[in-house]
Structure formats: C-alpha cells, structure tokens
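Participant: what's the 3D shape of this:
(one chain, ligands or ions: 1)
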Amino acid sequence: MTGFHLKNNRWYSDGVPLSKVAEKVGTPCYVYSLPAFEARWKEIDQAYKSIPHLVAYSIKTNDNLSVIKTLAKLGSGADVVSGGELFKARKAGVPANKIIFAGVAKTDDEIAYALKEGIRFFNVESIPEIVAINGVAGKLRKIAPIAIRFNPNVDALTHHYISTGKKENKFGVFLGDLDKVMETVRRCQSVHWTGVHAHIGSQMTQTASVGKSARVVEQIVMKLRREGFPIHTVNLGGGYGIDYQGEKPPKPSQYASLVLPVIKRLNATLLLEPGRYISGNSGALLTKVVYVKQSGKKTFYIVDAGMGDLIRPALYEAYHRIAPVEGSQKPAQTVDVVGPICESTDFFAKNRKLPLVNRGDLLVVLSAGAYGSVMGSTYNSRPLAPEVVTRGNRFAIARQRQTREDLVRLEKFVL
Ligand SMILES: Cc1ncc(COP(=O)(O)O)c(C=O)c1O
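Facilitator: Got it, this is the predicted structure:
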C-alpha cells in the first residue's frame with residue numbers, strides 16, 4: 001500500500017512501520033513516501049494529458065532533494081521562488097527549461113543566475129520587476145523570457161493568510177495596470193513576453209475560483225494577442241487543496257474540466273504549479289511523548305517536536321491529524337499536544353480526543369509533507385529534524401539530523 005496508513009494498529013509509510021524509522025533515526029523526524037509523491041504528481045499530469053502542458057512542482061512546499069529528483073524523473077518541472085530553490089531544482093536534475101521563477105522580490109543577482117541557467121521563464125510580479133529583468137538581461141546580452149502574473153481579483157475562498165489573488169494582496173500586477181505593462185514591455189528590448197500567470201491561493205477546496213480565474217486569464221490573453229503580444233503559455237498556478245480534517249477537495253480531473261475548454265479555445269500550453277496537493281499527504285512528522293503533564297483539569301502531551309519543526313498550527317491555526325504510532329485502540333482523553341519551545345503558540349492540537357499515552361510513546365502528525373520541514377527553524381537552538389524517505393519496505397535518511405556542532409558552524413567569536 002502506498003503512503004501513510006494504519007495496519008493492525010500500527011502506522012506505516014508504504015511498507016515501513018513508523019516505529020522502525022523512529023528506532024533507527026530517532027525523533028523528531030520527517031518521513032516522506034516517495035510513491036505517494038509520484039502518484040499525486042501523475043494524477044495531475046493525467047488530468048491534462050489532452051493538451052500541451054507542464055506540471056511544475058512547487059518546491060517551496062517540500063524542497064528535499066530526493067523528493068525533487070523523484071518528481072524530476074517523472075518529467076516534472078519546478079516552480080521556484082529564490083536563487084536557493086533554483087539551485088536545489090538544478091541539483092536534483094530538473095532541466096532548466098522546465099523551471100519557472102516566481103516571487104515578488106527577485107534580486108538582480110537571482111535574475112542573472114536564472115538567465116545564465118536558461119530557465120523557461122520568470123513569472124513577473126510588478127512593473128519595476130520588468131524593468132529590472134530587462135536591465136540585467138541587457139547587460140548579459142540575453143533576452144529574458146517572461147510571463148506576467150496578474151492579480152485576477154478572484155477570491156480563492158481559503159484562509160486569508162494563504163489567499164493571494166485578491167486586489168489587496170501583494171502578489172501579481174493589478175489588472176487595471178494592463179496598459180502600463182504593455183507600454184513597459186514595448187520599451188524593454190531584452191524581455192520577451194509569452195505567458196500570463198495567475199495563482200489565487202492555496203488549500204482551495206472547491207473548483208469555482210479556478211474556473212473564474214481561468215476565464216479572467218482568457219480575457220487577458222485575448223486582449224494581449226490583439227495588441228500583438230505572442231502569448232502562448234497560460235500558467236494557472238497551484239492551490240489544489242487536500243484533506244487535513246475531512247475536507248473533500250476536488251480531484252485534479254474536476255479542476256481540469258473547467259480549465260481544459262479555456263486552454264483549448266486559446267490553443268495555448270498550460271503550466272501548473274501544484275505543491276501541497278503533491279506533498280501534503282505524502283509526508284508526516286514523527287515525534288515522541290516526553291512527558292504527560294496534568295495541570296488542574298488539563299492534560300498535556302508534551303512532545304519532542306515543536307513549532308520549529310512544524311509551524312503551521314502556530315502560523316495559521318492549521319489542523320493536523322495526530323495518532324499514536326502504535327496503540328490507537330486505547331481509551332481516549334481530551335488533551336493539548338504541545339512542543340518544547342518557549343512560546344504559547346507551540347502546539348500541534350488543542351482540546352483533541354487522543355488515546356492514552358505514556359512517556360516515550362510515539363505520535364505521528366499527519367499531512368505534514370507540505371510547508372513543514374521547509375519552514376523549519378532552529379529557534380531555541382534546536383537542531384533541524386532529519387528527513388527520511390520510504391519506498392516499498394525500504395527507508396533511507398535523505399537529510400541528516402542537524403548536530404549541535406552544526407548550530408554554531410557559521411559563527412565565530414569576534415570583537
Ligand atoms: C505562485 C505560486 N505558485 C504555486 C504555489 C503552490 O501552491 P499550493 O501549494 O497551494 O499548490 C504557491 C504557493 O503559495 C505560489 O505562491
């Protein structure tokens with residue numbers, strides 16, 4: 001069986017019992033099912049097989065090199081948002097012409113790096129950025145391929161912290177500035193404008209917003225073509241939601257049924273930048289109960305993972321399913337699951353019914369493959385957790401646990 005599942009009261013990743021990983025690698029520890037990553041990438045790829053398209057995995061969600069390489073082998077591209085992510089994508093074997101570079105604050109240095117690598121195009125987020133890219137490309141005697149990210153002013157109907165497509169968000173170019181953008185691009189001799197991009201938000205659980213955004217993009221592309229711009233690529237970003245707590249998110253094929261007619265009418269190539277859909281439920285965080293603490297009427301399961309390992313609950317009050325790695329049939333009690341960090345926001349669950357546990361028992365925090373380890377920090381001087389990958393009955397450490405020595409490696413005593 002692929003991915004995370006419960007069998008005979010034991011949690012597994014693929015054919016590997018999570019207790020075995022903890023025994024060998026220790027906790028806290030991230031575990032990723034590579035076959036689960038592959039299955040979800042293929043699901044999206046299949047949904048669009050009737051048109052020219054590229055699924056460019058959004059590596060901001062999980063930039064483990066083994067994960068990126070696994071997807072690159074299937075033919076995946078990469079959506080990157082920094083020079084560091086571009087470096088990782090190239091190192092993991094993603095061909096430069098399958099890499100798209102987004103982000104609102106690309107520096108001249110990053111732009112030059114991407115141009116030298118020969119990426120497919122920049123997703124440009126503002127008029128000053130067009131001018132900057134033109135300047136850097138001119139100096140390098142290159143023509144920079146660009147897509148412009150427009151803000152379609154469509155509500156993704158998701159948490160306001162991860163909604164990006166409304167006019168008050170910092171992302172993309174305001175639609176009312178379309179004429180100014182055309183005028184700027186016409187003046188810029190070192191950019192070639194061939195794509196339109198829109199990404200309206202993350203963790204969407206309905207299809208309507210995607211359909212709306214596609215139709216806004218269609219109007220923009222038609223106008224641009226009338227104005228003489230050879231737009232042949234439409235990038236509809238990512239945002240496909242997943243099941244964290246019983247949501248019933250649409251299947252990729254359901255989004256495709258709204259998107260395909262638009263792209264066919266435009267006779268364009270479709271680009272997609274899914275992240276969470278591929279990585280979210282393909283990873284989990286393993287942790288150990290350090291203490292069970294009774295405080296008046298409250299019970300705390302204090303675990304050895306914290307917000308430095310998985311910040312989503314602290315950042316967006318995100319919900320993650322939690323289960324004992326073994327023994328989920330025990331009687332339940334209402335508890336808070338909290339970490340070791342000196343912040344009240346350092347929690348994984350509040351007032352959650354969980355089976356009784358003892359000091360030393362293992363818990364698995366599910367759906368932690370996206371926006372998990374990538375947001376890790378060493379706050380409270382706690383080394384970063386290792387990352388383990390599984391396939392069939394095998395598992396391997398893909399990223400070592402940081403050591404205490406690693407924590408001070410870049411420092412020296414000065415002045
Ligand atoms: C431009 C862009 N593309 C793709 C993604 C990936 O989104 P998701 O993980 O929801 O698929 C993001 C995430 O915020 C993004 O900003």
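
Participant: ok, Phe348 touching Val335?
Facilitator: No: applying CB atoms under 8 Å, one finds Phe348 not in contact with Val335, separated by 10.5 Å. C-beta here means a position set from N, CA and C on the backbone, and glycine is covered the same way.

Participant: Between the two, which has more neighbouring residues?
Facilitator: Phe348 (28 against 22; other CB atoms under 10 Å).

Participant: where's the more buried one relative to Ala318, distance?
Facilitator: Distance from Phe348 to Ala318, counting by CB to CB, to the nearest Å: 10 Å.

Participant: Gly195 too?
Facilitator: 32 Å.

Participant: Compare the two (neighbour count), which wins?
Facilitator: Each of Gly195 and Ala318 has its neighbours counted (other CB under 10 Å); Gly195 has more, 26 against 20.

Participant: for the closest residue to that one other than its chain neighbours, what are its contacts?
Facilitator: In space, and not counting its chain neighbours, Gly195 is closest to Ala147: 2.9 Å by CB to CB, 6 or more residues apart in numbering. Shown in contact with Ala147 (CB atoms under 8 Å, 6 or more residues apart in numbering): 100, 121-124, 193-197, 233, 235.

Participant: residue boundaries of the strands in the stretch 151-300 of the chain?
Facilitator: Per DSSP state E, counting those that start in this stretch, the stretch 151-300 of the chain carries strands over the ranges 173-174, 191-197, 233-235, 269-272, 283-295, 298-303.

Participant: how about the residues of the stretch 201-350 of the chain near the ligand?
Facilitator: 202, 237-240, 273-277 (CB under 6 Å from any ligand atom).

Participant: since we're on Val21, how many residues are nearby?
Facilitator: What Val21 shows, counting by other CB under 10 Å, is a neighbour count of 24.

Participant: Could you do Pro331 as well?
Facilitator: Count around Pro331 with other CB under 10 Å applied: 6.

Participant: Does it touch Val357 like I think?
Facilitator: No: look at Pro331 against Val357 with CB under 8 Å: they stay out of range, at 11.1 Å.

Participant: circling back: when you check the residues of the stretch 201-350 of the chain next to the ligand against the helices, which ones overlap?
Facilitator: 276-277 (DSSP state H).

Participant: so what's His5 closest to, chain neighbours aside?
Facilitator: His5 sits nearest to Tyr12 (CB to CB, 6+ apart), 5.6 Å away.

Participant: who's in contact with the closest residue to Gly339 other than its chain neighbours?
Facilitator: Closest residue to Gly339 apart from its sequence neighbours, by CB to CB, 6+ apart: Gly306 at 2.9 Å. Shown here is Gly306, whose contacts under the criterion CB under 8 Å, 6+ apart are 28, 339-341, 346, 380, 382.

Participant: Quickly find the element holding Ser66.
Facilitator: Element membership of Ser66 [criterion: DSSP states H and E] is helix 65-74.

Participant: Tell me the gap between that helix and the middle of its chain.
Facilitator: Centre-to-centre, helix 65-74 and its host chain are 14 Å apart (CA atoms, centre = their mean, to the nearest Å).

Participant: Tell me how many other residues crowd the residue in the stretch 251-400 of the chain that the ligand sits nearest to.
Facilitator: Of all residues in the stretch 251-400 of the chain, Gly275 sits closest to the ligand, at 2.8 Å by CB to the nearest ligand atom. Neighbour count of Gly275, defined by other CB under 10 Å: 24.

Participant: hang on, isn't it packed against Ser58?
Facilitator: Yes: between Gly275 and Ser58 there is a contact under CB under 8 Å: 3.2 Å.

Participant: shared neighbours of those two, anything?
Facilitator: By CB under 8 Å, 6+ apart, the residues touching both Gly275 and Ser58 are 79, 238.

Participant: Pull the contacting residues for the closest residue to the ligand within the stretch 101-250 of the chain.
Facilitator: Closest residue of the stretch 101-250 of the chain to the ligand, CB to the nearest ligand atom: Gly238 (2.5 Å). Applying CB under 8 Å, 6+ apart to Gly238 gives the contacts 58, 79, 199, 202, 272-277.

Participant: and what of Asp79?
Facilitator: Asp79 neighbours (CB under 8 Å, 6+ apart): 56-60, 100, 102, 238, 273, 275.

Participant: Out of these, name the ones that lie in strands.
Facilitator: Among the contacts of Asp79, the members falling in strands are 56-58, 100 (criterion: DSSP state E).

Participant: Quick check: the nearest residue to Asn62 once chain neighbours are set aside vs Asp304, distance?
Facilitator: Nearest residue to Asn62 in three dimensions, chain neighbours excluded: Ser279, at 4.0 Å (CB to CB, 6+ apart). Computed as CB to CB, the Ser279 to Asp304 distance reads 23 Å.
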